[in-house]
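Visitor: sequence and predicted model, in that order:
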Amino acid sequence: MDPTLNQDELDSLLNAEGTKAADYIDPTVPRQYDLANHDKNIYNRISTLGLINEKFTRNLRVSLYNILRKSVEVSIQSLDICKFEEYSNSLAVPTSINMIKMHPLKGTALFVADSGLVFTVVENFFGGEGKVQHKTDAKEFTPTEHRIIKLMLDIFFKDLQEAWSSLLDIQFDYKGMESNPSMVNVFNLSEVIIISRFRIELEGGGGGDFQICLPYSMIEPIRELLSSGMKVEKDVSDEKWVQTIREEMLKADVELTCMLTQKKITLKEVMRFKAGDIIQIEIPEEIILKVRDVPIFTGNFGTFEGKYSVKIVDKIKKNAAKR
């Protein structure tokens, strides 16, 4: 075998020599892992949080309706992972930042409501329409606003506790509130947090955003539970919501109509009609009462206490032929 290298082999060696050493990564050297990097594997580990949030929003719609007496839409905006510094810098002043313990989990969670939501709920709670002008010069919340915030938190705690119940028995413990994000010191700026973002919109306009922030270190001990999923008790969780919808639907105004009779005549006869003409008709023994052209009852026509009336005889079954 000829030990002499040809030109192609020499070129390959020269190119390899010029390769940067930085391109080579030693697999034995530990590398820093950034949890805040949007790694889909992390989202997979906390996928059950999405189910918990869905159950929470269903419960919250009913609870807010019960205290505000208005239809409320609660929607999930997103489930994000970022560093606390990034999140804190995105908050305005004032913002209702509430420090919460979630026993038996370790660490502190944040329940955060923007000022627009606070002002809107306060306005609605005291009978207003909810269309408030945001107080751009406000730096703190008033004592009244603090009381309404605490009332909202109690509702959040109850509904979130129920949402978690299939997975873990959570007990909430309120620790305090700040309105200035820079004053919140329960996290290191570099700490990774999981943010569940929600939107509340009230009937007639108005609403705002709130977030539930959990440090990743809080849920890390239960990551197996969160990744394995939970039993979604849909029938139980939807029961109150369905009942509320049913009650509201029963208050809706509908128009009940009935046709006494029909008579066939020719177009020629119609053209000859004039004021004072009498059309002879026969009242049928049974008439049909309808709501939006859907047959509902059979009845008899007559008078009652001097007024024309219809006496309901029977309810028409759903599978009965339309008349």
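Guide: Now that the structure is in, tell me what you want to look at.
Visitor: so which residues of the stretch 1-150 of the chain form helices?
Guide: If DSSP state H, counting those that start in this stretch is used as the criterion, the helices of the stretch 1-150 of the chain fall at 7-17, 40-45, 47-68, 84-89, 115-125, 143-164.
Visitor: make CSV out of the ones you listed and add mean pLDDT, mean neighbour count and distance to F198.
Guide: In short, each C-beta sits where N, CA and C put it, glycine included. Output for these, formatted as CSV (pLDDT from 0 to 100; neighbours: other C-beta atoms under 10 Å; distance: least, C-beta to C-beta, whole Å):
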stretch, mean pLDDT, mean neighbour count, distance to F198
helix 7-17, 61, 9, 56
helix 40-45, 60, 12, 18
helix 47-68, 89, 19, 7
helix 84-89, 93, 16, 15
helix 115-125, 89, 22, 10
helix 143-164, 94, 17, 10
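Visitor: so which of these comes closest to Y308?
Guide: Checking the helices of the stretch 1-150 of the chain against Y308 by C-beta to C-beta gives helix 47-68 as the closest, at 40.5 Å.
Visitor: how far off centre is the closest one?
Guide: In terms of C-alpha atoms, centre = their mean, to the nearest Å, the centre of helix 47-68 is found 6 Å from the chain centre.
Visitor: give the other helices and strands that that helix contacts.
Guide: For helix 47-68, the packing partners by 3 or more C-beta pairs under 8 Å, 6 or more residues apart in numbering; DSSP states H and E come out as strand 72-83, helix 115-125, helix 143-164, strand 192-202, helix 223-228, helix 234-250.
Visitor: can you say which of the ones you listed is nearest to H103?
Guide: helix 143-164 (11.0 Å).
Visitor: name the next helix or strand downstream of that closest one, please.
Guide: Downstream of helix 143-164, the first helix or strand assigned by DSSP states H and E is strand 171-178.
Visitor: identify the residue spatially nearest to the residue nearest to the spatial centre of the chain, adjacent ones excluded.
Guide: The centroid of the chain falls nearest to S75 when counting by C-alpha atoms, centre = their mean (2.4 Å). Leaving aside its sequence neighbours, S75 sits nearest to R199 (C-beta to C-beta, 6 or more residues apart in numbering; 4.9 Å).
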